[in-house]
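*Asks:* Provided below for reference: sequence and predicted model.
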Amino acid sequence: MTITNEPGMTLCDWTVSGMDCASCATKVRGAVSRLPGVRDVEIGIMSERLRLTVDERLTDTDKIEKTVRALGYGIQTRAPGKKDFVIPGSAPESHQGHSHDAHPAVAKADHSGHGSPGHVHDDPADPADRGKAWYQTGKGRLVILTGLLLAAAWAMELIAPQIGSWAFVAACLIGVAPVARRAFAAARLGQIFTIEGLMTIAALGALFINAAEEAALVVFLFAVGEVLEGVAAGKARDGIRALANLVPKTALLEVDGVTREVAASSLTIGQTVLVRPGDRIPADGEISDGTSGIDESPVTGESIPRTRGPGENVFAGSINTEAVLRVTVTKAAEDNTISRIIRLVEEAEEARAPTERFIDRFSRWYMPAIVAVSALVIVLPPLMFGQSWDTWIYRGLALLLIGCPCALVISVPASIASSLSTGARRGMLMKGGAVIEAAAKVSHVAFDKTGTLTHGRPQVTDLVTFGTTTEAQLLEVAAGVESGSSHPLAVAILDRAKTAGVTPLPARDARALTGRGVEATVGDALAWVSSPRHASENDGLDGRGLRQATIFEDEGKTAVAVYRKGVPLGLIAMRDELRPDAAEAVRQLAEMGISSIMLTGDNPRTAAAIAEGLNIRFEAEMMPEDKLAAIRDMNAQGGVMMIGDGINDAPALKQASIGVAMGSGTDVALETADAAILRDRVTDIPAQIRLAQATMANIRQNVSIALGLKAIFLVTTVLGMTGLWIAILADTGATVLVTLNALRLLRYNPEQKR
Ligand SMILES: Nc1ncnc2c1ncn2[C@@H]1O[C@H](COP(=O)(O)OP(=O)(O)OP(=O)(O)O)[C@@H](O)[C@H]1O
Ligand SMILES: [Zn+2]
């Protein structure tokens with residue numbers, strides 16, 4: 001679900017730090033959504049991002065900050081230096097002085113969230129605060145508790161059991177205090193069933209029935225769990241952090257021959273930056289001076305550096321490998337390709353998969369249900385069958401701990417986060433869990449021909465002239481008609497005219513005839529460049545010309561006819577080379593049980609010649625609406641993934657279960673598709689499906705681990721076979737296990753066939 005800015009509503013964008021466990025996100029979401037004026041809350045555990053849609057009833061963002069801080073997490077606005085919250089109708093000045101961005105110091109000092117050892121940025125500046133924060137994180141508590149437990153055990157052995165016992169009580173109370181504080185804060189904000197709450201009740205309850213040793217052990221294990229959860233979550237996040245670190249912070253700005261270092265985020269369009277060999281390029285731009293090898297692997301995943309020279313585009317984050325370059329900035333920092341990719345990956349993490357929504361709903365009643373069952377377990381046997389209270393209180397408390405749905409809730413986002421960073425490293429982007437789920441189930445892949453199976457850069461191969469027309473005259477007219485068009489065929493014709501030194505004739509009223517060609521007025525007559533079939537239907541091509549066109553088409557070339565009203569001028573044949581790995585991609589898909597089809601507007605003979613080399617089914621002479629219908633049919637027979645260049649086949653991409661934009665470089669329409677492939681590799685399509693399948697398998701494993709462990713220990717607890725500390729292990733242990741399993745996806749190589 002994406003949040004849109006409806007009229008009268010505003011979007012707030014925050015970073016929340018310290019959320020390592022899934023119940024954290026649930027807690028923050030629950031508490032914040034209770035604030036008046038908050039309409040919609042999106043939260044990503046892995047991206048640490050909190051986005052809100054609010055209306056005018058929320059008069060001050062301080063409320064959001066306070067709420068999140070009260071729960072024990074750090075919060076910072078997303079766009080430093082930018083006012084990202086304006087209340088409609090209120091005077092902007094009243095908010096200027098009251099900056100929400102000026103809080104980094106406060107945010108830093110307040111990182112008391114549960115276990116966040118992985119965070120570099122949460123070292124509080126003040127030593128006293130640092131000590132406090134350290135204690136409140138699981139890590140600090142763990143060190144202190146370890147000491148206390150050892151001391152208590154030693155006292156019990158060597159001094160007196162009674163003193164040892166008290167030492168355990170003390171350890172338990174010290175350990176549970178910060179947990180209880182968080183539980184209390186959450187309860188005050190309306191979040192009654194939290195893992196901290198259950199923990200506190202279980203620890204105090206164990207003290208109550210004189211199980212101090214075990215209570216202390218439970219508190220200790222909980223701290224262990226928090227530390228491990230923090231480490232694991234930090235690892236899962238690293239992928240995204242690494243992306244964000246790709247863009248250099250500073251740039252060498254050149255003004256009037258003088259260079260000085262400036263913040264990369266301050267660069268504006270049109271400025272010139274100097275990029276030394278070995279440096280990362282600070283902004284998307286065009287090379288104005290110099291030629292060098294550019295390693296784009298950080299952005300597109302393409303590992304072979306390419307030589308780029310003046311006039312060519314480069315991406316922010318790529319590495320200049322050889323020579324000094326001057327680059328003219330063409331995009332502001334937030335519009336850089338890499339920034340768009342990062343935003344996309346972050347948003348992808350927040351877009352919850354259907355499975356995840358189901359689990360969220362499930363956990364909402366699961367926790368209260370377990371609390372109710374625990375209460376019954378405590379009360380019923382002693383009251384009805386006269387059994388011992390202590391036994392059943394103990395079992396009830398253990399059940400409470402099993403009531404934490406953490407492992408289950410984190411199972412899906414952890415897998416998805418790992419999967420997204422694995423994909424992003426290879427230039428494979430998928431917009432969220434729902435897309436991954438759909439991609440894993442795909443049964444058909446439909447390819448557009450140009451720009452996906454082929455390079456999308458056709459070259460003119462043959463010119464045929466009729467009557468007295470010369471090649472120059474033919475090109476003059478054709479280039480004139482095509483001069484307004486950006487169609488790959490038009491580009492090829494204009495290119496050829498240029499190399500032949502022919503100036504296109506001036507043309508006006510150019511009009512695209514979808515799927516057929518272009519018409520325009522050249523001089524005082526209408527002229528066309530169109531498919532042979534369209535031309536022969538309009539007296540632009542005679543039988544002999546049509547036969548010649550057929551010959552070209554059988555060779556896999558695309559022929560277009562050029563003619564004036566009733567006067568055939570000639571034929572232009574063009575060939576678009578197949579991508580070298582297209583056949584391999586189709587073969588891999590077939591191996592995976594997925595059928596491929598090529599949908600093209602080109603004629604059946606050219607299509608057949610191309611399809612033969614690929615071993616792919618095809619449908620030719622398809623108008624855009626035919627493509628839509630074909631995709632709708634395939635949708636009905638199971639999922640279909642449509643691959644296009646994302647520029648002119650947006651409707652078909654939208655119609656498919658998954659639309660994948662493919663193509664390297666600036667033109668990838670990241671925003672229009674569900675997924676994107678940034679490298680020039682068709683085999684990335686089967687790889688992406690493999691990654692999706694591996695992700696879904698990982699999620700299934702995680703859900704089984706989480707539910708399986710809970711189910712087993714639920715039974716053993718009620719039967720009295722396992723106790724409190726096993727219960728806590730079953731919770732935090734499962735969470736850690738699930739996160740570790742998700743991390744395996746970081747090392748998964750989707751390019752390797754299974
Ligand atoms: N600008 C143009 N100049 C000449 N012919 C054109 C032009 N645009 C379209 N045509 C004719 O229409 C046919 C179909 O074009 P269209 O752009 O609809 O195909 P497409 O389905 O996008 O192609 P592909 O499957 O190759 O990606 C082309 O093969 C060509 O014969
Ligand atoms: Zn938890």
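*Replies:* Okay, I see it. Ligands and ions are numbered 1, 2, ... in the order given.
*Asks:* Please make it C-alpha for all contacts and neighbour counts, starting now.
*Replies:* Fine.
*Asks:* gap between stretch 632-647 and the chain center?
*Replies:* What separates the centre of stretch 632-647 from the centre of its chain is 21 Å, taken as CA atoms, centre = their mean, to the nearest Å.
*Asks:* what sits up against it?
*Replies:* Defining contact as CA atoms under 8 Å, 6 or more residues apart in numbering, one finds that stretch 632-647 is touched by 438-439, 441-448, 450-452, 631, 650, 652-653, 655-663, 667-670, 672-673.
*Asks:* Among those, which ones are in helices?
*Replies:* Secondary structure assignment (DSSP state H) places 438-439, 631, 650, 652-653, 655 from the contacts of stretch 632-647 within helices.
*Asks:* Contact partners for the spatially most central residue of the chain?
*Replies:* In the chain, the centroid-proximal residue (CA atoms, centre = their mean) is Val345; its distance is 2.3 Å. Val345 makes contacts with 240, 420-421, 424, 429-432, as judged by CA under 8 Å, 6+ apart.
*Asks:* now for the lengthiest helix in the chain, which elements pack on it?
*Replies:* With DSSP H applied, the helix covering the greatest number of residues in the chain is identified as helix 684-718. The elements that helix 684-718 packs onto, with contact taken as 3 or more CA pairs under 8 Å, 6 or more residues apart in numbering; DSSP states H and E, are helix 389-402, helix 406-425, helix 433-440, helix 582-591, helix 724-728, helix 734-743.
*Asks:* count of neighbours near the closest residue to ligand 1 within the stretch 201-350 of the chain?
*Replies:* Among the residues of the stretch 201-350 of the chain, Thr300 lies nearest to ligand 1; the distance is 22.8 Å by CA to the nearest ligand atom. Residues near Thr300, counting by other CA atoms under 10 Å, number 25.
*Asks:* what do you get for Trp389?
*Replies:* Residue crowding around Trp389 was assessed by other CA under 10 Å; the count is 16.
*Asks:* any idea how far it is from ligand 1?
*Replies:* Shown here: Trp389 relative to ligand 1, a distance of 76 Å by CA to the nearest ligand atom, to the nearest Å.
*Asks:* now the closest residue to ligand 1 within the stretch 301-450 of the chain, nearest residue through space, not along the chain?
*Replies:* When CA to the nearest ligand atom is the measure, the stretch 301-450 of the chain has its nearest residue to ligand 1 at Thr450, with 3.7 Å between them. In space, and not counting its chain neighbours, Thr450 is closest to Gly456: 4.8 Å by CA to CA, 6 or more residues apart in numbering.
*Asks:* Which of the three states applies to the one you found?
*Replies:* Gly456 falls in the coil class when you classify it by DSSP: H, G, I helix; E, B strand; the rest coil.
*Asks:* Quick one: mean pLDDT over stretch 252-265.
*Replies:* Summarised as a single mean, pLDDT over stretch 252-265 is 88.
*Asks:* To clarify, my last question referred to stretch 456-473.
*Replies:* Throughout stretch 456-473, pLDDT has a mean value of 93.
*Asks:* got it, and stretch 501-519?
*Replies:* Computed over stretch 501-519, the average pLDDT equals 91.
*Asks:* Let's see the distance spanning it from one end to the other.
*Replies:* The first and final residues of stretch 501-519 sit 23 Å from each other (CA to CA, to the nearest Å).
*Asks:* hmm, it touching ligand 1?
*Replies:* Yes - legend: contact between stretch 501-519 and ligand 1 by CA under 6 Å from any ligand atom is shown at 514-518.
*Asks:* So which bits of that stretch are buried?
*Replies:* Neighbour-count burial for stretch 501-519, with 16 or more other CA atoms under 10 Å as criterion, is recorded at 502-505, 507-508, 510-512, 515-519.
*Asks:* mind putting these in a markdown table, secondary structure included?
*Replies:* Putting the buried residues of stretch 501-519 into a markdown table (three-state DSSP) gives the following:
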| residue | secondary structure |
| --- | --- |
| Val502 | coil |
| Thr503 | coil |
| Pro504 | coil |
| Leu505 | coil |
| Ala507 | strand |
| Arg508 | strand |
| Ala510 | strand |
| Arg511 | strand |
| Ala512 | strand |
| Gly515 | coil |
| Arg516 | coil |
| Gly517 | strand |
| Val518 | strand |
| Glu519 | strand |
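*Asks:* between these, which is nearest Ala375?
*Replies:* Gly515 (70.1 Å; CA to CA).
*Asks:* which residues sit in contact with that closest one?
*Replies:* For Gly515, the contacting residues are 601, 621-624, by CA under 8 Å, 6+ apart.
*Asks:* So which one of those residues is the model least confident about?
*Replies:* The model is least sure about Pro624 among those, giving it 83.
*Asks:* Low-confidence regions, the stretch 201-350 of the chain specifically.
*Replies:* Along the stretch 201-350 of the chain, the model assigns pLDDT under 70 to residues 236, 239-240, 350.
*Asks:* what ranges do the helices span in it?
*Replies:* Using DSSP state H, counting those that start in this stretch, the helices found in the stretch 201-350 of the chain span residues 212-244, 297-300, 337-350.
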